[in-house]
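Novice: sequence and predicted structure, then a few things I'm wondering about:
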Amino acid sequence: MSSIIVVGAQWGDEGKGRIIDALAKKADAVVRFQGGSNAGHTVVVNGEKFVFHLIPSGVLRRGKKCIIGNGVVVDPRELLSEIESLNLRGIKVDSLYLSSNAHVIMPYHRKIEEIEEEQRGKNRIGTTRKGVGPAYVDKAARRGIRAVDLLDKEILNSKLRMSLQFWKNSFELGFSVEDILEEYLEYGRRLEKFIVDTSLIIHELVKEDRTILFEGAQGSLLDVDHGTYPFVTSSNATAGGACTGTGVGPTQIDQVLGVAKAYITRVGEGPFPTEIHNEVGELIQKRGQEYGATTGRARRCGWFDGVGLRYAVRVNGLDGLILTKLDILGGLSRIKICTAYRYRGKVIQDFPLEASHWQECEPVYEEMEGWDDDAFEAKRIEDFPRPIQKYLNRIEEIGGVPILFLSVSAERDNLLALRQDSATLLA
Ligand code: IMP
């Protein structure tokens, strides 16, 4: 019925996993299109927590096609262990499709990333060290290894030689082709049944008028082109990535939704104008359990950044917003919302041009009245206290985009549709 892209509107960790899981109820397929196991998508069902790194978050809904598109970089060890651990929990992964064109993360990619991060010292990016960046480097340099290459010993052997030799010219890696070849051929044998031309499958679904969810990983402000470069990931986490990362044309997309937290967080290094450096930040971190689902690192916490939201709306063409974790701000007497930045005495509405200017950007805040901890006992938005309604309205005004859903807990069914037409996406 429709093709919907769901992307993170901030620096990742907005709660995309639980949103995809909720929307997947009515969908036929969920497709990952970029990133790799740097992602950590959390879904809670009946108090049981699942974290997905590579497998699309639709896997908990029976019969949904779960597709890993060509734009994803896949660590076969991680993928197989994710499949196994789901099996152990009684979830059969029988509708998984892995693009033959998806690039493969090799063990030396992880090692290279570690060495590079160490070498950068205080200028490090703070990556997840999953080898994602170096794998995309190999892809762009046209010496990458794709999923289909794991199925042919001769091809894998020659491609491995080319890639590994290149990196060995710059790094002390301690790997040999022989070390890797048999192990990765074995992964290929185990993954063979999943490896297909996923663009064909998606094309068929589109032709049959099915509902497809394109599940973004990371967030718009981490996009390699549109994010806070160089403190970004190595793929296009914005909506355009859904087309290039799956082989679906832009004319086939019906809707683009952004997920944002009611505040904002960032893991790793990089500019963060609205970061809170006091006990309020610590409180949000603790209440929101803001610790990375992939690396366990504490997330930096800040006030809602309206400049970032406007930017995400623009670069993604967002039709609507899904706001998560509003409950975490409950109990704070005053809440701040950033509407612009001040750069060298001038108020600016958009991101600065240059990476070096970020350090000098200060947030311009509006202060709003807070709400009580138990404000969400009401089940209808009309019954929420006034300060919440005002906060939501202000976010809509600043972003110029409607909030379609509100999530006030991690549990699957706790997603409130704020508009009549959005309700149809769920039921
Ligand atoms: P990489 O993606 O591992 O190369 O890391 C690059 C930057 O993106 C670092 O700041 C990471 O912390 C951040 N990052 C990568 N994946 C995620 C994610 O899923 N959520 C939040 N931040 C992420």
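Specialist: Right, received. Where do you want to start? Numbering: from 1, shown residues only.
Novice: when you work out contacts or count neighbours from here on, use the C-alpha atoms and nothing else.
Specialist: OK.
Novice: now do Glu411, the pLDDT please.
Specialist: Confidence at Glu411, expressed as pLDDT, is 80.
Novice: show me the contacts for it.
Specialist: Arg18, Val43, Val44, Val45, Asn46, Gly47 (C-alpha atoms under 8 Å, 6 or more residues apart in numbering).
Novice: and this structure, what are its domain boundaries?
Specialist: 3-99+194-255, 103-191, 260-423 (automatic domain parsing).
Novice: deepest-packed of those domains, please.
Specialist: Comparing the domains of the chain on average neighbours per residue, with mean count of other C-alpha atoms under 10 Å, the densest one is domain 3-99+194-255 at a mean of 22.
Novice: want to throw the contacts of Glu411 into TSV with secondary structure and pLDDT?
Specialist: Formatted as TSV, the contacts of Glu411 follow (DSSP: H, G, I helix; E, B strand; the rest coil; pLDDT from 0 to 100):
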residue	secondary structure	pLDDT
Arg18	helix	92
Val43	strand	89
Val44	strand	90
Val45	strand	89
Asn46	coil	88
Gly47	coil	89
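Novice: closest to Leu406 among these?
Specialist: Nearest to Leu406, judged by C-alpha to C-alpha, of those is Arg18 at 11.8 Å.
Novice: who's in contact with the closest one?
Specialist: His41, Thr42, Val43, Val44, Ser57, Ala410, Glu411, Arg412.
Novice: state the distance from it to the ligand.
Specialist: From Arg18 over to the ligand the distance is 14 Å, taken as C-alpha to the nearest ligand atom, to the nearest Å.
Novice: same deal with Gly249?
Specialist: Note on Gly249: its distance to the ligand, by C-alpha to the nearest ligand atom, is 25 Å.
Novice: over to Asp350?
Specialist: On the measure of C-alpha to the nearest ligand atom, Asp350 and the ligand end up 21 Å apart.
Novice: ok, that residue - contacts?
Specialist: Val307, Arg310, Tyr311, Ala340, Tyr341.
Novice: and the first one, which of the three is it?
Specialist: When classified by DSSP: H, G, I helix; E, B strand; the rest coil, Val307 comes out as helix.
Novice: surely it meets Ala340?
Specialist: Yes - in this structure, Val307 is within contact of Ala340 by C-alpha atoms under 8 Å, at 5.7 Å.
Novice: give me the common contacts of the two.
Specialist: Contacts common to Val307 and Ala340, judged by C-alpha under 8 Å, 6+ apart, are Gln349, Asp350.
Novice: run through the protein and note the low-pLDDT ranges.
Specialist: Scanning the chain for pLDDT under 70 picks out the ranges 1.
Novice: need the residues of it near the ligand, please.
Specialist: 11-13, 38-40, 125-130, 132-133, 217-218, 222, 231-234, 267-269 (C-alpha under 6 Å from any ligand atom).
Novice: do that again at 5 Å, thanks
Specialist: Residues of the chain lying close to the ligand by C-alpha under 5 Å from any ligand atom are Gly12, Asp13, Asn38, Ala39, Gly126, Thr127, Thr128, Gln218, Val232, Thr233, Val267, Gly268.
Novice: just give the nearest non-adjacent residue to the second one, would you?
Specialist: Translated: Asp13. Residue nearest to Asp13 in three dimensions, not counting chain neighbours: Gln218, with 6.8 Å by C-alpha to C-alpha, 6 or more residues apart in numbering.
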